[in-house]
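*Asks:* Below: sequence and its predicted model.
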Amino acid sequence: MGTTAVHAGRGLRGPVVRRWHAIRLIASGVGGTLGLIVALVERDPVIGTAAAAGIVPAVDSARYLFGAAGSVDRSIVIDIVVAGAATAVIRPAWPSLVLAVVYYVALISALRPPSDAKRLAPLGAAMLAMAVVSRLVFPRAEPLVIGDVILTVGFGLLALLAVVYLGAAVERLAAADAAALAALDERLRFEHAIALCSRALLRNDDVGIRQAMEALLEATRAHQVFVDLTEEHPTLGTCARFVHEVLARGYEDRSTADVFVDPETGSPMTGLFPYSVLPDELTRLADGRPVVVDAEGLPAGPGRDLYLAGGVATELNLPILVDGTWFGCLGFGHFDEPYHWDTTQIEFLRTAADMFGAFYERTMDRERLMDLVDAKDELIASVSHELRTPLSVIMGLGVELRDRGDEFSPEERDHLIGLIATQSEEMGDLIEDLLTAAASERGDVSLVPELVPVGSVLDELLARAIVKERSLTVDDDGAKAWVDPVRLRQILRNLLTNACRYGGPRIDVRIRAEGERTIVEVIDDGEGIPDGLTDEAFRAFGRAHRRSTQTQSVGLGLAVSMRLAESMEGSLRYLRRDGATVFRVELPAHP
């Protein structure tokens, strides 16, 4: 394998090898030059030849540094062979041999793992034995004072560089490896936690939420993991409502859900945290951005006091989004000592927050589906009731006319036929509302607008005598509206039927022009829609009144009327004015 590669798990690192080759190039070049100088001074051609051999390691290092392929083992072998041969020829002083051995031991230890070093040991031992035998068997006739000094100093410097410089490089790389392994371990922990979190949240219950939070607690090694949901408080504004919390072992008594107090009154706020004390953080969370709160870094004030009171040093809040809207937070707390969250950790945990958002979205979808199922059952029951009554009348009267028609006087027959017609119209109205509701869900309600006097449409409707046993007053200034007359009649019919069903004995209808709009108000003196149920009243199949004395209805009238008004670029609103119930329709007065 080339020396520029990294052998995973074996300790060989390119930067260390390059540094060694740079030292080797300089040392071999300088050593060879000094050897030639010694040879000239001593007038010894043998030393000159040995010194010239030092050029070989220099050439090998130069080739590596300039990009040629090579291996550390080959380079070390070259060094051992050249040094062994040179010392055998030169027969230096013992200190030079000892320092040479120290250098090669340090070199091999720094560049190669123990398993590879064992393979090089026999060659090194052979070269050392050759040098020692040469030194003992063939002693020099005359000492090489200058040469021994140079060799001793040279090998000493090489040994020092190998021990200190390469050792420091290896230590730094080992530290970098340890940091990389720690980062990899953390990444694996986080990925495992995300997988567990995903699986747990598929349970769609509180047990699943707790399992997911426990997985995140173990992976992040935080002291606290919590989930809060955003809500609007009547006096405190936007607040966080704690709904789930998991604490690490040893911190079970450090729950922060109940330590917050109203900054104005000082009274406990169980499970509630007001964002008014952290306005900047509120803005970031509402924008879908994560927030790291450093308690000590907060400005003096209620926010800092609340965190310090709970012993929270650092808190990471990740927004939970449902349908793109801020729904709550997934939070991680550290007590007593600050903690630094890096970008990678935050991005991983944002994935977890998205999973919680998907969990709550599924929960809400499931609740909506259950509501629809309930509404379907209620619709079937209501439609059955609404259709059964007129059908019973029609069938009963029809049978009477068929079987005993000649027994009734002309006036009686006309009356019975009128009743059949009235009941048929009521069935037709119900079916029309059902068809309109279905069409509006598909977005294909047919409209043929024209300029229509609203009063004339109302008169046609009243001719059907849909307002019975009520005092009706109409105030019409002759205003016209750009609408589909059939759809306008449907709106007015539903509003008048609603007033008769839920209102008092008096009904007023007011029609007037206001600028570019035509206003129609249907007013009754009934109790109106109970507080908090307005949205329910305008929801398809919804009813805001539940009194058993009231006539059963399908609950489509207001919803269909509002959709029809909006489809004609108008609106329908509910108001309470001077103790009366007002349904106000605004329509365009012109095309």
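*Replies:* Here it is on my side, so go on. For clarity, every value in this text was computed on a predicted model and none was experimentally measured.

*Asks:* Could I get the full set of strands for this protein?
*Replies:* Counting by DSSP state E, one finds strands in the chain at the ranges 224-233, 237-247, 272-274, 291-294, 312-322, 325-335, 450-453, 471-476, 480-483, 506-514, 517-524, 571-577, 580-588.

*Asks:* what ranges do the helices span in the stretch 301-450 of the chain?
*Replies:* Secondary structure of the stretch 301-450 of the chain, counting by DSSP state H, counting those that start in this stretch: helices at 302-309, 343-404, 410-442.

*Asks:* now those in CSV, with mean pLDDT, mean neighbour count and distance to R18?
*Replies:* Glycine gets a C-beta too; all of them are placed from N, C-alpha and C. Converted to CSV, the helices of the stretch 301-450 of the chain look like this (pLDDT from 0 to 100; neighbours: other CB atoms under 10 Å; distance: least, CB to CB, whole Å):
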stretch, mean pLDDT, mean neighbour count, distance to R18
helix 302-309, 83, 18, 50
helix 343-404, 83, 15, 29
helix 410-442, 76, 15, 71
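
*Asks:* and V291, which of those helices is closest to it?
*Replies:* Taking CB to CB, helix 343-404 is the member of the helices of the stretch 301-450 of the chain nearest to V291, at 10.1 Å.

*Asks:* got the angle for the closest one vs strand 224-233?
*Replies:* Between helix 343-404 and strand 224-233, the angle comes out at 50 degrees (axes from the mean of the first three to the mean of the last three CA atoms, to 10 degrees).

*Asks:* averaging pLDDT over each of the strands of the chain, which comes out lowest?
*Replies:* Note on the strands of the chain: strand 272-274 shows the lowest mean pLDDT, a mean of 84.

*Asks:* re the thing from before, right, and the helices of the stretch 301-450 of the chain - which one's nearest L216?
*Replies:* helix 343-404 (5.9 Å).

*Asks:* Give the other helices and strands that the closest one contacts.
*Replies:* Applying 3 or more CB pairs under 8 Å, 6 or more residues apart in numbering; DSSP states H and E, we find helix 343-404 packed against helix 167-201, helix 206-220, strand 312-322, strand 325-335, helix 410-442.

*Asks:* please redo it, this time with the cut-off set to 7 Å
*Replies:* helix 167-201, strand 312-322, strand 325-335, helix 410-442 (3 or more CB pairs under 7 Å, 6 or more residues apart in numbering; DSSP states H and E).

*Asks:* would you turn the ones you listed into a markdown table with distance to T534?
*Replies:* Converted to a markdown table, the helices and strands packed on helix 343-404 look like this (distance: least, CB to CB, whole Å):
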| stretch | distance to T534 |
| --- | --- |
| helix 167-201 | 34 |
| strand 312-322 | 23 |
| strand 325-335 | 21 |
| helix 410-442 | 19 |
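
*Asks:* Compare these and give me the one nearest W20.
*Replies:* helix 167-201 (8.6 Å).

*Asks:* Flag every buried residue along that closest one.
*Replies:* A169, V170, E186, R189, F190, A193, I194, L196, C197, S198, A200, L201 (16 or more other CB atoms under 10 Å).

*Asks:* same question, stretch 514-532
*Replies:* Here stretch 514-532 shows R517, T518, I519, V520, E521, V522, I523, D524, D525, G526, G528, I529 as buried, counting by 16+ other CB under 10 Å.

*Asks:* any idea how far the third one lies from E586?
*Replies:* Counting by CB to CB, to the nearest Å, the gap from I519 to E586 is 6 Å.

*Asks:* Please apply the same query to the fourth one.
*Replies:* Distance check for V520 against E586: by CB to CB, it reads 8 Å.

*Asks:* The first one too?
*Replies:* For R517, the distance to E586 under the criterion CB to CB works out to 5 Å.
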